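> 3D, please:
(one chain, ligands or ions: 1)
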Amino acid sequence: MSTSVRPRVLITRAVFPEHLERLREGFEVESNQEDLSFDAAQLAQRLADKDGALVTGGDRINADLLRGAPHLKVVSSISVGFNHIDLHACSAAGVMATNTPDVLTETTADLGWALMMAAARQVTQAERWLREGRWQRWALDQWLGFDVHHACLGIIGMGRIGQAIARRARGFSMSILYHNRSRLDAAIEAELGARYVDKKTLLEQADHVVLVLPYAPENHHMIGAAELALMKPSACLTNIARGGLIDESALCAALQSGRLGAAGLDVYEGEPHVAPELLELPNVALTPHIGSATRATRAAMAHLAIDNLCAALKGEIPPCLLNPDVRGRAA
Ligand code: DGY
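Numbering: from 1, shown residues only. Below is the predicted model:
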């Protein structure tokens with residue numbers, strides 16, 4: 001391929017050096033190793049002459065943006081979630097959209113567990129208290145949390161990550177309920193030891209509820225005041241999916257009043273802004289959207305995103321194409 005015809009690619013956020021090197025082998029690359037945040041106008045301006053884009057969950061890809069990017073053939077996201085990409089608009093514009101499933105499943109399930117346990121056992125709050133030099137003596141009633149072992153785990157969203165969370169629960173002798181758009185095969189249910197129930201039953205019976213489902217406008221605030229009222233006052237709610245699934249003000253009210261035991265949150269409605277009420281609550285463990293954040297997994301995600309990008313720019317079908325109904329633009 002001669003230099004003059006090499007496809008032009010935008011990388012919207014900083015990537016590891018090996019990824020930049022790999023992309024530079026095949027493409028004219030506009031990188032962002034300073035990791036500046038582009039607003040919609042800046043993104044549009046940078047995409048105007050590009051053939052491909054390597055994006056992340058913070059980049060909104062919609063019809064307006066695509067109208068100003070006439071050469072764009074692929075938007076490859078370094079994320080499993082794709083609620084930031086308007087797939088319908090991509091298909092209509094002839095732009096392939098791709099994501100990075102599978103490679104982050106186990107790492108994200110680990111974080112789900114870490115957060116669930118941190119919330120139940122007040123790990124982050126107790127550590128903060130200790131670091132502040134407030135630990136004077138041991139006391140019988142100090143930092144009392146909720147048991148995880150032998151408790152009932154309720155998983156909402158039983159895809160790859162939900163199932164990986166369920167597999168870990170067996171080591172803690174937990175009983176497992178799940179709710180999902182579609183029921184799993186009986187053989188998988190038996191292997192996981194998980195029982196399918198409706199959402200109301202799950203919320204009423206589970207001691208630990210974990211949200212692991214993709215966000216879509218239909219499930220916006222699927223956990224609000226009414227759902228929280230169904231839960232046990234000792235229950236813990238963990239969200240590693242998307243902030244918009246939970247009505248955060250209702251959650252804060254439930255945690256403040258003791259209506260809910262504890263919460264573990266990795267994602268937020270307006271992230272990176274976190275509601276001040278949440279920051280002040282003692283019974284919530286908070287992490288900054290780090291579900292897939294290990295060096296190995298983030299590297300694997302970026303490599304898979306580059307595989308997707310390269311395939312699309314070669315005129316092939318990328319391994320993780322999200323919109324197979326796309327009308328391809330001439331390669
Ligand atoms: C994902 O992969 O979807 C993570 O939430 C990062 O955006």
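
> does Gln142 sit in a helix, a strand or a coil?
Secondary structure, DSSP: H, G, I helix; E, B strand; the rest coil: Gln142 is coil.

> now do the buried residues in the longest helix belonging to the chain.
As assigned by DSSP state H, the longest helix anywhere in the chain is helix 295-313. Residues of helix 295-313 classed as buried: 297-298, 300-313 (neighbour count, 16 or more other Cβ atoms under 10 Å). For every residue, glycine as well, the C-beta is placed using N, CA and C.

> for stretch 228-239, same thing?
Within stretch 228-239, the residues that count as buried by 16+ other Cβ under 10 Å are 228, 231-232, 235-239.

> repeat for stretch 36-51
Applying 16+ other Cβ under 10 Å to stretch 36-51 flags 38, 43-44, 46-47, 50-51 as buried.

> in helices, which of those appear?
Per DSSP H, the buried residues of stretch 36-51 map to helices at 43-44, 46-47.

> who touches the longest helix of the chain?
When contacts are defined by Cβ atoms under 8 Å, 6 or more residues apart in numbering, helix 295-313 is touched by residues 7, 9, 15-16, 18-19, 22-23, 26-27, 51-52, 54, 73-74, 76-79, 96, 98-100, 103-104, 107, 292, 317-321, 331.

> name the residues linked to the residue nearest to Asp49 when sequence neighbours are not counted by a beta bridge.
Take Asp49 and drop its neighbours on the chain: the residue closest to it by Cβ to Cβ, 6 or more residues apart in numbering is Arg8, 6.0 Å away. Beta-bridge partners recorded for Arg8 (DSSP bridges): Glu28.

> wait, a helix at Ala253?
Yes - under three-state DSSP, Ala253 sits within a helix.

> Provide a list of residues in contact with it.
Counted by Cβ under 8 Å, 6+ apart, Ala253 has contacts 225, 259.

> so who does the residue positioned nearest the centre of the chain touch?
Nearest to the mean C-alpha position of the chain, by Cα atoms, centre = their mean, lies Ala241 at 4.3 Å. Contacts for Ala241 (Cβ under 8 Å, 6+ apart) come out as 81, 157, 211-215, 267.

> which of those are close to the ligand?
Contacts with the ligand within the contacts of Ala241, counted by Cβ under 6 Å from any ligand atom: Gly81.

> give me the buried entries from the contacts of Ala241.
Buried members of the contacts of Ala241, scored by 16+ other Cβ under 10 Å, are 81, 157, 211-213, 215, 267.

> brilliant, that's me finished.
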